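A structural model of the following input is requested.
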Amino acid sequence: MQPLIDHARRFGQRPEEFAPLAAGQAPAALFITCSDSRVVPALITGARPGELFELRTAGSIVPPYDGPAPSGETATIEYAVEILGVHDVVVCGHSHCGAVGALVRGDDLSTVPAVRDWLAHAAPEGAPGRPDDPAVADAVRGHVLAQLLRLRSYPCVQRRLADGRLRLHGWYYEVHTGAVTAYRPRTDSFETL
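Presented below is the predicted three-dimensional model:
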């Protein structure tokens, strides 16, 4: 922990760099990804403060839209799209994802009921994939596409897509190489950015 504290102390000694951020934010994109500590959106994209609005959830899960009972995730998506007016939303899955791996393997999650119940949002009928693949690459790519489909069910996303003010992107990040690929609908495959 001490290295983190030391860095935070040095970080706060450059107020002139951050003063303009007090005027507000106008991020270009909402970046939805996993809570995994190996996935760092600003590092992957090179974004500076104020350029990327982030939503991090276990397994990069976009929960179903439930208007009467909104969640923090739903509120974050709605705020980014309606209030901040982001033009792009990226759903970024990653290799070696513990959440998707647990679904693929059918792990017993009875000792972590909140995790089990959260993962039920990901794939109510199970997740296809090869249990012997530690990267769970195919399963994660399919999971990203399922989350993009789920995102399309949000009323704010539907409206912005319909009038051409929003674009959705599916990315796959390899934690062991740093490579990023993006889903291309015309080829129905993930290709290098």
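
Check the secondary structure at Pro49 for me.
Taking DSSP: H, G, I helix; E, B strand; the rest coil as the rule, one finds Pro49 in the coil state.

and it, how far is that from Asp66?
Computed as C-beta to C-beta, to the nearest Å, the Pro49 to Asp66 distance reads 32 Å. C-betas here are computed from N, CA, C, even on glycine.

Show me which of these two is the more surrounded one.
More crowded of Pro49 and Asp66, by other C-beta atoms under 10 Å: Pro49, with 12 against 9.

Can you tell me the closest non-neighbouring residue to Leu145?
Gly170 (5.9 Å; C-beta to C-beta, 6 or more residues apart in numbering).

Show the contacting residues for that neighbour.
Contact analysis of Gly170 by C-beta atoms under 8 Å, 6 or more residues apart in numbering lists 90-93, 141, 144-145, 147-148, 182-183, 190.

Which one of these is nearest to Pro155?
Leu148 (16.1 Å; C-beta to C-beta).

hmm, who's touching the strand or helix carrying that closest one?
Assigned by DSSP states H and E, Leu148 belongs to helix 137-151. Contact with helix 137-151 is made by 32, 59-65, 77, 89, 91-95, 97, 100-101, 103-104, 122-123, 127-130, 133, 157, 168, 170-172, 183, 190, as judged by C-beta under 8 Å, 6+ apart.

If I look at Ala26, what pLDDT would I see?
We have a pLDDT of 93 for Ala26.

Could you grab the helix/strand/coil label for it?
Quick answer, by three-state DSSP: Ala26 is coil.

wait, isn't it in contact with Gly50?
Yes - between Ala26 and Gly50 a contact is recorded at 7.0 Å, counting by C-beta atoms under 8 Å.

Please say which of the two ends up with more neighbours.
A side-by-side neighbour count of Ala26 and Gly50, using other C-beta under 10 Å, places Gly50 first with 15 against 11.
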